[in-house]
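Novice: Sequence plus predicted model, see below.
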Amino acid sequence: DAKTTQPNSMESNEEEPVHLPCNHSTISGTDYIHWYRQLPSQGPEYVIHGLTSNVNNRMASLAIAEDRKSSTLILHRATLRDAAVYYCILREMNRDDKIIFGKGTRLHILP
Amino acid sequence: DTEVTQTPKHLVMGMTNKKSLKCEQHMGHRAMYWYKQKAKKPPELMFVYSYEKLSINESVPSRFSPECPNSSLLNLHLHALQPEDSALYLCASSQRHRGNYEQYFGPGTRLTVT
């Protein structure tokens, strides 16, 4: 299974942008990049996904490197409610199409 | 309604007990999932049901027995569990199993095996 590498933890100040990096150097051409997050005492929730082009939605933006070996999840203005574990996941569309969670990045937001 | 509900929220059971976890969704999703999450670890896939049929079993011990009675309901029957099975059990659903459909997760059942 293609793997992702994320920093164990990051800190950011409230109301500032946050850039969460993810390396996936063994990504294949058919793998989609998905992000989920898990707030304390909750199940994971979907954030965003993309294949090659940058993507925006109401929660975040996803910037994908041209060679697709890395990506960055961007929270434009972090709030205390964004404190969570963020998981970068590769979905292998040609195989069993399972979501395999990596270790994720624990994001701390400082007031 | 984009909610996945799980009951009970907490469960304590002895190693000789039989209990069941329940998961429900009313979004018309045809894929449902069970995950296990140990403390400070990421969720691990256990089972995938697609159109009420078991599609994936990630080599889960037989003391965990899933059941999908209909498209809205998913159960996980527990029997003769071990203390190391104590974890948060998460249920999820998606429109379909295959494809880029997002998964909606429930809040989980926190299971303690004594």
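Specialist: Alright, I've got the coordinates. Everything quoted here is computed from the prediction, not taken from an experiment.

Novice: So which bits of chain A are right by chain B?
Specialist: Within chain A, the positions near chain B by C-beta under 8 Å from any C-beta of the partner chain are A:32, A:34, A:36, A:41-46, A:49, A:85, A:87, A:91, A:93, A:96-104. C-beta coordinates here come from the backbone N, C-alpha and C atoms, glycine included.

Novice: And these, which of them are buried?
Specialist: A:32, A:34, A:36, A:43-44, A:46, A:49, A:85, A:87, A:91, A:97-104 (16 or more other C-beta atoms under 10 Å in any protein chain shown).

Novice: Where do the strands of chain B begin and end?
Specialist: Along chain B, counting by DSSP state E, strands occupy B:4-7, B:10-13, B:18-25, B:31-37, B:44-50, B:53-57, B:64-70, B:73-79, B:87-94, B:104-105, B:109-113.

Novice: So the residue of chain A found nearest chain B, which state does it fall into?
Specialist: Using C-beta to the nearest C-beta, the closest approach of chain A to chain B is made by A:G43 at 3.1 Å. Following DSSP: H, G, I helix; E, B strand; the rest coil, A:G43 is assigned to coil.

Novice: do the same with A:R81
Specialist: Once three-state DSSP is applied, A:R81 turns out helix.

Novice: partners of the nearest residue to A:S12 once chain neighbours are set aside in the sheet?
Specialist: Among residues not flanking A:S12 along the chain, A:V18 sits closest, at 4.4 Å (C-beta to C-beta, 6 or more residues apart in numbering or on different chains). Counting by DSSP bridges, A:V18 forms beta bridges with A:L75.

Novice: Look up the closest residue to the residue of chain A closest to chain B, ignoring the ones flanking it.
Specialist: B:F105 (3.1 Å).

Novice: In this structure that neighbour contacts A:R37, no?
Specialist: No. Using C-beta atoms under 8 Å, B:F105 is not in contact with A:R37; the gap is 10.8 Å.

Novice: Mutual contacts of these two, please.
Specialist: A:44-45 (C-beta atoms under 8 Å, 6 or more residues apart in numbering or on different chains).

Novice: rewinding a little: among the residues of chain A next to chain B, which are in strands?
Specialist: Filtering the residues of chain A next to chain B for strands - DSSP E - leaves A:32, A:34, A:36, A:45-46, A:49, A:85, A:87, A:91.

Novice: Report the residue spans of chain A with pLDDT below the cut-off.
Specialist: A:1-2, A:94-95 (pLDDT under 70).

Novice: let's see it at 80
Specialist: By pLDDT under 80, the weakly predicted segments of chain A are A:1-2, A:93-97.

Novice: Need the pLDDT of whichever residue of chain B sits closest to chain A.
Specialist: Residue nearest to chain A within chain B (C-beta to the nearest C-beta): B:F105, separated by 3.1 Å. With respect to pLDDT, B:F105 has a value of 97.
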